[in-house]
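>>> Curious how this folds, go ahead:
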Amino acid sequence: MLLVQKALNASGTKALTAVTVNGNPHYTITNTVSASEKPLYVLTVFWTIAANRPARILSVKYGSLTMSTPFSTAPSTAPAAPAINTSDAYAVQIYYLANPPVGTNTVDITFDASPAGIAVGNVNLNGVDQSSPIASSDSIASATPVSAISRNVTLPANGVVIDALSRNNGGAANGPSCSTLSTTNLYSSNANNVSGESWFCGPAGASGASFSMGYTFTQKAAAYALVTVRPDSTSGGGSRVRFPGAGVVKWHEVTTSP
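Take a look at the predicted model:
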């Protein structure tokens, strides 16, 4: 399989590394965690499921540690295999690891088959509840073309939300809608087979926040997921989820030939 690596024109970006081990395609990046207070690592994954290639994630590991997801299956427009035989479909997934080890480690995403394209966004956070970091999660997908997609969000006090949109390529997506909260981009592309968005919104204030979060775009099939992150409250409450230092945001993508 010929791998064509692509990198977005943004500071610090680089392509995913792709290898095949025991017949399974692996896509890897590295992440560095500095000594910090109550850390959380979040990974958003977008991929295109080509005809007759279901391309489902088998596992995601941070070093030797298995990352968790609140979704039992990936939010996807794809029907159950082997029904995929006429067109491409789009899937997203969000993974997280509380208290990742300090230093540089490899993040390994293992699939059962090569996707037509895969992209990831990832971020390191501080000030997160270590026993139950994900306050809520939600997802929606449409196999038929839609021009908008969204979910209702209720943020805990001082919490944040991270989303992931995977869609057929087309014009620029407008969004996300995050009420009055500040936004930080983790991934954005209109490129074929890796078209998607991922954003970080927040933190909310001491009263939390409720709003509809989503995007508008040219009518396309799409899959969308989001998670809200709960702040640490062990030091008397009021701690906010935040970026360590100046913040760490990176994105990566790779496409494969059909």
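
>>> What residues of stretch 182-193 count as buried?
186, 187, 188, 189, 190, 193 (16 or more other Cβ atoms under 10 Å). All C-beta atoms are positioned from the backbone trio N, CA, C, and that covers glycine.

>>> again with stretch 195-211
195-204, 208-209, 211.

>>> Let's have those in a markdown table, adding distance to residue 106.
Formatted as a markdown table, the entries for the buried residues of stretch 195-211 read as follows, by distance: Cβ to Cβ, whole Å:
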| residue | distance to residue 106 |
| --- | --- |
| 195 | 26 |
| 196 | 23 |
| 197 | 25 |
| 198 | 20 |
| 199 | 25 |
| 200 | 23 |
| 201 | 28 |
| 202 | 29 |
| 203 | 29 |
| 204 | 33 |
| 208 | 36 |
| 209 | 35 |
| 211 | 36 |
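
>>> Could I get the average pLDDT for the helix or strand where residue 61 lies?
Applying DSSP states H and E as the criterion places residue 61 in strand 57-62. Averaging pLDDT along strand 57-62 yields 95.

>>> and it, which strands flank it?
Counting by DSSP bridges, the strands paired with strand 57-62 are strand 65-66 (antiparallel), strand 103-111 (antiparallel).

>>> Run through the protein and note the low-pLDDT ranges.
Filtered on pLDDT under 70, the chain yields the residue ranges 1-15, 52-53, 79-87, 235-238, 245-258.

>>> dump the residue contacts of the residue most central in space within it.
Nearest to the mean C-alpha position of the chain, by Cα atoms, centre = their mean, lies residue 44 at 1.4 Å. With contact taken as Cβ atoms under 8 Å, 6 or more residues apart in numbering, residue 44 is in contact with 92, 93, 94, 120, 121, 122, 162, 163, 164, 186, 187, 198.

>>> Please check which residues sit opposite the fourth one as beta-bridge partners.
Note on residue 120: beta-bridge partners residue 45, residue 252, judged by DSSP bridges.
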